[in-house]
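In: A structural model of the following input is requested.
(chains A and B, ligands or ions: 6)
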Amino acid sequence: MSVQTPISGLPTPSGTPGAPKLLEVRDIVTRFTTDRGSLTAVNGVSLSLERGRTLGVVGESGSGKSVLSRSIMGLLPRSNTERSGQVIFEGKEISGLNDTEYRELWGDEMAMIFQDPMTALNPVMKIGLQITESLRFHLNMSKSDAKDTAVALLKAVKIPEPEKRFSSYPHEMSGGMRQRVVIAVALACGPKLLFADEPTTALDVTVQAQILDLLAEQQRERYMGMILVTHDLGVVAGRADEIAVMYAGQIVEQAPTALLFSEMKMPYTEALMSAIPKLTDASHTRLAAIGGRPPDLVNPPKGCAFSPRCPYVQPRCHEESPTLTPSPTAPEHLFACFYPIGSPETEEVRLRIAAQRLMATAPEFVAAPANTPTPAQQSPVPAPPEQTEGM
Amino acid sequence: MAGSGTAHLRQPSETLLRIQNLVVDFPAGRGKKVSAVSNVSFDIASGETLGLVGESGCGKSTTGKAIMQLPRPTRGEVTLDGTDLCSLRGEQLRNTRPRLQMIFQDPISSLNPRRTVMQIVEEPLNIWNIGTPEERRLKVEEVLSAVGIDPEAAAERKPHEFSGGQCQRISIARAVITEPSVIICDEPVSALDVSVQAQILNLLEDMKARYGLTLVFIAHDLAVVKNVSDRVAVMYLGKMCEIGNPDALYAAPAHPYTRALLAAIPLPDPNASLDTEHHLEGDLPSPISPPSGCRFRTRCPLAQDICAQVEPQMQHVTGDQYVACHFPLQAVSEVPVALTQ
Ligand SMILES: Nc1ncnc2c1ncn2[C@@H]1O[C@H](COP(=O)(O)OP(=O)(O)OP(=O)(O)O)[C@@H](O)[C@H]1O
Ligand SMILES: Nc1ncnc2c1ncn2[C@@H]1O[C@H](COP(=O)(O)OP(=O)(O)OP(=O)(O)O)[C@@H](O)[C@H]1O
Ligand code: SF4
Ligand code: SF4
Ligand SMILES: [Mg+2]
Ligand SMILES: [Mg+2]
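Out: Ligands and ions are numbered 1, 2, ... in the order given. Model (predicted):
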């Protein structure tokens, strides 16, 4: 990957490590009023981010990732929405801002890249104009300066022939090119904080890799804080400094990336990880799907939200909700579980599951007890579809 | 100019479905044409799953639809059980339809929103006039249970009342109900998140065992494709690059494009170093004026002059692995006998 030279004419991001935290979010709760009752989409999330760092937010569809990003950016729908908690940006509380104040913040200080590049761009406006408009609004640039800067930005996001492409319409470009343009628009005014909400989910793997490379490069160069939202642990593994795993509107585990992968504590994180098909597994390896479905956020289950699907569930989990607490051995590792991976209760279950799996794949290696049939014997492979989503 | 070769095809007697020199062009106005699929050949033995991978726009869906004769390919042969579907007309072609089914990417929009689950799943039986009403009802209940949907609770409900994963189960039930020989699955899990994806992939494997299915599995996620496939065919801009069993192909790709695709996969392991060296640069060229010779040459790090002049043909690598490249990453052997030309 070639190293880009900084673009002249752009405000160079200032700020040094050690200055007040770029972003500090405390106890955000976001509820929507629906026909069925109040839906709690984000339920008490706190997090913080420094400049130059990337936080990955991971979780299943509906876990509240997008609503969390929108809650922080002030992009929630007005009606039927109730939000509480604090959002402190560079030491300043911003959750009470009005629309005009927010508009100045967007683009200038913080920017967002959405999943679908088509909805983020104006389909009837030339792409160059979409960039210069924001430059002129936020940075008061002259027409010709804005044009030069826009061309430099298109070049920075590796659009071939940027002068020519300046006058193209979004529909004349491929999905990957459009997402590059969206990134150029987001970067135009030199934001300090970038939200990328599933920036590559609509793209295929090769284009995904290009876009993630590009985001990482621009982030380094501009020293931005980045929140990278995805349902794919693979996408954040190589790209985020820290990962927060969300389930049913809450962060259930959070740790520096390497630690999260080496010392996974939360059964849900482990389940998400095991469900991914691995390149190193032989073909036709049966996947460890998570049974059931995420909870109904209007009527969440009592106790731990993951309890209806958790393989390690114990009676206590149905009664009390675990809170996010630091690990005794590593305070930067937080998790919300009474029986984390590695505790005696989970080890017992783990051994039982491992034995069942082995029975199913290679019964000759397991000495079965003489008269009690094992579960695997009762259901020989191929097993019936055991992991249904429920009805 | 020659096509991309057929050295990798097996004896017709060993295979259930055989695609030979398939060409699909679309009119692009002003006398131009989109060369969406160009001289593609592959075959599938009964009970096998063939994975079809490649970037967006490389012609995977077009190939899948051409097998279904929707629309008919511009040229080439699609032989199912000894019958060339491209030569069939009217009633004869109609009669083969229940034997070939298709499942699509977007589970919710591929189901008719105004009909009940019962009507949706039963529909193919009505169209082909299979069974009595009572037999049809029983069959719907059987396939719904098989895909993990409770027929009693679901039969009278409409698609919007179900999640994406459940809708994909319903699509699978509808596809297996005519007991087809071959199902073409076009990105069946691309719109689903990892946990639901795992459920559906396991379900497809179960359905394959239960109903003796042969699958064409289209996707751009190579890890997903490896999980379900017996053989994987890699496509680029309407051409075949490489084919082989996934264990061998992934361990030792012979085509530079296969290597680039593998390098692009995000691994769920922070210690795995990102193979950015082999990430592809640039965009797919236009299929209206594809590059001469090898279509990958404009993005290939190994391209030489010959790549612009001569189109590479399929050559044998090892086992069931074949590659179409002038400078393959693995040694190739002389093709023993050209089975069909
Ligand atoms: N405007 C709204 N009104 C009512 N409910 C909403 C609204 N927006 C989101 N929700 C609900 O809030 C929950 C969280 O949604 P969110 O979009 O944040 O999920 P997500 O984690 O981003 O999922 P995905 O991976 O599918 O994008 C969901 O149950 C969703 O249906
Ligand atoms: N009906 C059509 N008319 C004109 N061009 C078409 C038509 N259908 C497909 N094409 C073109 O043919 C090429 C192959 O398209 P196809 O949909 O088969 O690709 P694909 O590999 O399935 O891509 P994706 O991963 O995005 O689904 C593309 O360039 C596409 O634009
Ligand atoms: S608290 Fe209990 S149910 Fe919840 S994740 Fe931990 S073990 Fe599972
Ligand atoms: S034939 Fe030439 S251009 Fe094509 S893949 Fe091989 S080396 Fe690259
Ligand atoms: Mg979202
Ligand atoms: Mg397609």
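
In: Going by C-alpha atoms from here, please, whenever you check contacts or count neighbours.
Out: Noted.

In: residue ranges of the strands in the stretch 201-341 of chain B, please?
Out: Assigned by DSSP state E, counting those that start in this stretch, the stretch 201-341 of chain B shows strands spanning B:214-218, B:231-236, B:239-244, B:315-318, B:321-323.

In: how about the ones you listed in TSV, adding mean neighbour count and mean pLDDT?
Out: Listed next are the strands of the stretch 201-341 of chain B as TSV, based on neighbours: other CA atoms under 10 Å in any protein chain shown; pLDDT from 0 to 100:
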stretch	mean neighbour count	mean pLDDT
strand B:214-218	25	97
strand B:231-236	25	97
strand B:239-244	27	97
strand B:315-318	21	94
strand B:321-323	28	96
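
In: Adding distance to chain A, write those out as JSON lines.
Out: Formatted as JSON lines, the strands of the stretch 201-341 of chain B follow (distance: least, CA to the nearest CA, whole Å):
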{"stretch": "strand B:214-218", "distance to chain A": "13"}
{"stretch": "strand B:231-236", "distance to chain A": "10"}
{"stretch": "strand B:239-244", "distance to chain A": "12"}
{"stretch": "strand B:315-318", "distance to chain A": "18"}
{"stretch": "strand B:321-323", "distance to chain A": "16"}
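
In: Can you name every helix or strand that the helix or strand hosting residue A:144 contacts?
Out: For residue A:144, the host element (DSSP states H and E) is helix A:143-156. Packed against helix A:143-156 by the contact rule (3 or more CA pairs under 8 Å, 6 or more residues apart in numbering or on different chains; DSSP states H and E) you find helix A:127-139, helix A:162-165, helix A:175-187.

In: how distant is it from the center of its chain?
Out: 30 Å (CA atoms, centre = their mean, to the nearest Å).

In: sorry, back to before: deepest-packed of the helices and strands packed on helix A:143-156, please.
Out: The highest mean neighbour count among the helices and strands packed on helix A:143-156, using mean count of other CA atoms under 10 Å in any protein chain shown, belongs to helix A:175-187: a mean of 25.

In: Show me what that one is packed against.
Out: Counting by 3+ CA pairs under 8 Å, 6+ apart, helix A:175-187 packs on strand A:110-113, helix A:117-120, helix A:127-139, helix A:143-156, helix A:205-222.

In: From ligand 1, how far out is residue B:133?
Out: Residue B:133 sits at a distance of 39 Å from ligand 1 (criterion: CA to the nearest ligand atom, to the nearest Å).

In: what about the host helix or strand of residue A:26, near chain B?
Out: Per DSSP H and E: residue A:26 is located in strand A:23-34. No: using CA under 8 Å from any CA of the partner chain, strand A:23-34 stays clear of chain B, with a minimum separation of 16.0 Å.

In: before we move on, back to that, a markdown table please, covering the strands of the stretch 201-341 of chain B and showing distance to ligand 1.
Out: Putting those into a markdown table (distance: least, CA to the nearest ligand atom, whole Å) gives the following:
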| stretch | distance to ligand 1 |
| --- | --- |
| strand B:214-218 | 23 |
| strand B:231-236 | 29 |
| strand B:239-244 | 34 |
| strand B:315-318 | 41 |
| strand B:321-323 | 38 |
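
In: what's the closest of these to residue B:262?
Out: strand B:231-236 (11.1 Å; CA to CA).
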